[in-house]
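**Student:** quick one, fold the following:
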Amino acid sequence: MKKLVKVEEVDGEGLINFMGETVTLFCLNYIYAGKLIGVNDSFVKLENGHIVYDTGSFSDNKFKDAQYVSNELYVMISSIESFSKVKDL
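**Tutor:** Below you'll find the model as predicted:
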């Protein structure tokens, strides 16, 4: 049997690690992108928030179709499935 015997908390891991960077949020229904400028227990705040309708090839530097939504876009954390720094807007 293998057992987990030590749990270590790492500061700055997860969404907090991307503060100040352009992130892509893969959510339940849509994909959002923007500069991550805020995180709390309920939502994240994106500056220059875009909704991505077509990513295009992930090897490309830009999204094929990312449309501006708002300078301050809030996304509920409960809808985020995954996140990363994928492309610039």
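
**Student:** Glu47: helix or strand, and which one exactly?
**Tutor:** strand 43-54 (DSSP states H and E).

**Student:** report the buried residues of the following helix or strand past that strand.
**Tutor:** Remark: after strand 43-54, the chain's next helix or strand is strand 65-76, criterion DSSP H and E. Judged by neighbour count (16 or more other CB atoms under 10 Å), strand 65-76 contains these buried residues: Ala66, Val69, Leu73, Val75. Just so you know, the C-beta spots here come from the backbone N, C-alpha and C atoms, and that holds for glycine as well.

**Student:** for the residue positioned nearest the centre of the chain, give the beta-bridge partners.
**Tutor:** Note on the chain: the residue nearest the mean C-alpha position is Leu25, at 3.3 Å, using CA atoms, centre = their mean. Judged by DSSP bridges, the bridge partners of Leu25 are Tyr32, Phe83.

**Student:** could I get the contacting residues of Asn29?
**Tutor:** Applying CB atoms under 8 Å, 6 or more residues apart in numbering, we find Asn29 in contact with Ser79.

**Student:** helix, strand or coil for it?
**Tutor:** coil (DSSP: H, G, I helix; E, B strand; the rest coil).

**Student:** Glu9 now?
**Tutor:** Secondary structure of Glu9, reduced to three states by three-state DSSP: coil.

**Student:** quick check: pLDDT value at it.
**Tutor:** Glu9 carries a pLDDT value of 74.

**Student:** then Gly34?
**Tutor:** Listed pLDDT for Gly34 reads 97.

**Student:** then Gly12?
**Tutor:** At Gly12, pLDDT is 70.
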